[in-house]
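Participant: Starting from these lines, generate the structure:
(one chain, ligands or ions: 2)
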Amino acid sequence: MTEKKRILTGDTPTGRLHLGHWVGSVENRLALQEQYDCYFLIANKHAFTTRADRPADIRQSVLEIATDYLACGIDPQRSAIFIQSEVPAIDELTFYFSMLVPFNRVMRNPTLKDEIRDKGLGDNYPFGFPLYAVGQCADILAFRPQLVPVGEDQLPHLELSREVARRFDQMYCGVDPQTEDKDYVTAGGVFPVIQPKLGRVERLVGTGAPSAETGELLKMSKSLNNAIFLSDDAQTVTKKIRGMYTDPKRIRATDPGETDPRKNPLWAFHETFNPDTAWVDEHRQLYRNGKVGDVAVKNKLIEVINNLIDPIRTRRQHFEQRPDDVIDALRLGTRKANVIAEQTLQLAKTAMKQDYFPQRSVTLS
Ligand code: ATP
Ligand code: MG
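Facilitator: Numbering: from 1, shown residues only. Ligands and ions are numbered 1, 2, ... in the order given. You can find the predicted model right below:
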């Protein structure tokens, strides 16, 4: 029997899933769960980078995100939904990997820099904050996945995972540095040089105004108070869309950049979620010419988003009534995740000559 190829991806439990997760990653997960053996990690330890003083919130968010996954249609019998802190092999790999990456290299990661700026972390972020970037290499490589579906902001992290895999395989498995990325495992490496898979929309913007610092709209983020959640009720969706940022100067502008999805969330959302492309094309033109205003375009968007979220909401209500089913899904997924992660750790330790005790069953008598 040939093993199915594996996918690994995940989310930090710092809130609930939003529309950015949907187009950036969840749509791909649903499409791929048929063909691949899927592992979906809930990175609870990484939530401690910014919320060490709020463990109850992290716990609550783990359960919310697991409920969101199930509501979106992730099937726990096929796909493993698991809790990072319950897979100890990931921590062991993190320690070894941290020896393979220069500290300055970690700090050059633009996603870390953006997070420090956008989350207002200043100079007081904990030591564990940069460590999480190395930890994420272990999250991924512990599963030796063929594919990693993510949003654009994760590409620098994935690049670090690729570097770690190459370095480990060259240093401990004798893989020739000239080897092509796709051939590292066949050349004897433990870790594949993984491939990212971007979603239909690589970076969905949030509902808020642009950053005062950069003038760019921020990405939709759980922690930036600019998200429409997959679990928001119809009224909340309406309120958020009515209050959504639109640049008043652009209402009548003729500049084609006006509807650049990176500049105007209203059109970014229509272009991403409105299946009626003829409506979008026609109204974009009318909007540009000042023949239709924000209110009408927002009202249409409210309808579109509620149509998208409605079935997810209904399934979510089902799982909210059954918290034990959510825990059972996590228990099952975590057990499955530990099997692969432990195998990987053994392979890595053997390659590093740190396998002192041969694997055999131990009896105490
Ligand atoms: P936080 O604000 O805590 O960082 P987040 O909203 O960025 O939360 P993550 O858990 O960090 O969410 O990201 C989970 C996955 O969803 C990643 O693959 C990420 O690239 C993707 N993702 C998150 N936000 C967006 C977005 N706005 N557009 C596209 N993909 C996104
Ligand atoms: Mg994030």
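Participant: alpha carbons only for contacts and neighbour counts from here, please
Facilitator: OK.
Participant: In the stretch 1-150 of the chain, where is pLDDT below threshold?
Facilitator: Scanning the stretch 1-150 of the chain for pLDDT under 70 picks out 1-2.
Participant: ok, which residues in it are in contact with ligand 1?
Facilitator: Contact residues, the stretch 1-150 of the chain versus ligand 1 (Cα under 6 Å from any ligand atom): 10, 11, 12, 14, 20, 21, 24, 25, 150.
Participant: isn't the second one right next to residue 42, touching?
Facilitator: Yes. Shown here, residue 11 and residue 42 form a contact pair, counting by Cα atoms under 8 Å, at 5.3 Å.
Participant: higher neighbour count, those two?
Facilitator: residue 42 (24 against 21; other Cα atoms under 10 Å).
Participant: what pairs with that one across the strands?
Facilitator: residue 11, residue 83 (DSSP bridges).
Participant: Same list, the residues of the stretch 1-150 of the chain next to ligand 1, but as a markdown table with distance to residue 131 please.
Facilitator: A markdown table is the format used below for these (distance: Cα to Cα, whole Å):
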| residue | distance to residue 131 |
| --- | --- |
| 10 | 17 |
| 11 | 17 |
| 12 | 15 |
| 14 | 18 |
| 20 | 25 |
| 21 | 24 |
| 24 | 25 |
| 25 | 24 |
| 150 | 20 |
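Participant: ok, so of those, who is nearest residue 264?
Facilitator: Proximity of those to residue 264, judged by Cα to Cα, is greatest for residue 20, which lies at 15.4 Å.
Participant: nearest residue to that closest one other than its sequence neighbours?
Facilitator: residue 204 (5.2 Å; Cα to Cα, 6 or more residues apart in numbering).
Participant: what about that neighbour, how many neighbours?
Facilitator: 27.
Participant: Report the buried residues of the helix or strand where residue 303 lies.
Facilitator: Per DSSP states H and E: residue 303 is located in helix 294-320. Within helix 294-320, the residues that count as buried by 16 or more other Cα atoms under 10 Å are 294, 297-298, 301-302, 304-306, 309-310, 312-313, 315-316, 319-320.
Participant: from these, which two are the most distant?
Facilitator: Within the buried residues of helix 294-320, 294 and 319 form the most distant pair, 36.3 Å apart (Cα to Cα).
Participant: residue boundaries of the helices in the stretch 151-300 of the chain?
Facilitator: For the stretch 151-300 of the chain, the helices defined by DSSP state H, counting those that start in this stretch occupy 155-173, 234-242, 265-273, 277-288, 294-320.
Participant: Of the ones you listed, which is nearest ligand 1?
Facilitator: Comparing the helices of the stretch 151-300 of the chain against ligand 1 with Cα to the nearest ligand atom, the closest turns out to be helix 155-173 (8.0 Å).
Participant: So is that closest one next to ligand 1?
Facilitator: No. Using Cα under 6 Å from any ligand atom, we find that helix 155-173 stays clear of ligand 1, coming within 8.0 Å at best.
Participant: Then stretch 209-217?
Facilitator: No. Interface with ligand 1: stretch 209-217 contributes nothing (Cα under 6 Å from any ligand atom), its closest point being 10.7 Å away.
Participant: And that stretch, what's buried?
Facilitator: 209, 210, 217.
Participant: Quick one: the residues you listed as a markdown table, columns for pLDDT too.
Facilitator: Listed next are the buried residues of stretch 209-217 as a markdown table, based on pLDDT from 0 to 100:
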| residue | pLDDT |
| --- | --- |
| 209 | 87 |
| 210 | 83 |
| 217 | 86 |
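Participant: any idea which of those residues is the one closest to residue 32?
Facilitator: Using Cα to Cα, residue 217 comes nearest to residue 32 of the buried residues of stretch 209-217, at 30.3 Å.
Participant: so that closest one touches residue 224, yeah?
Facilitator: No. Residue 217 lies out of contact with residue 224 (Cα under 8 Å); the separation is 11.6 Å.
Participant: State the helix or strand in which residue 4 lies.
Facilitator: Following DSSP H and E, one finds residue 4 outside all helices and strands.
Participant: so it touches residue 38, yeah?
Facilitator: No. Contact criterion Cα under 8 Å: residue 4 and residue 38 do not qualify, at 9.4 Å.
Participant: Looking at those two now, which is surrounded by more residues?
Facilitator: Between residue 4 and residue 38, residue 38 has the larger neighbour count (other Cα under 10 Å), namely 30 against 10.
Participant: remind me which residues of the stretch 151-300 of the chain are low pLDDT?
Facilitator: Flagging of the stretch 151-300 of the chain using pLDDT under 70 yields the residue ranges 247-263.
Participant: ok, now with 90
Facilitator: Flagging of the stretch 151-300 of the chain using pLDDT under 90 yields the residue ranges 151-153, 199-203, 209-218, 222-224, 245-268, 284-294.
Participant: Near ligand 1, which residues of it? Just list them.
Facilitator: Counting by Cα under 6 Å from any ligand atom, the stretch 151-300 of the chain sits next to ligand 1 at 151-154, 202-205, 219-223.
Participant: give me that answer again for 5 Å
Facilitator: 151, 154, 202, 203, 204, 219, 220, 221, 222, 223 (Cα under 5 Å from any ligand atom).
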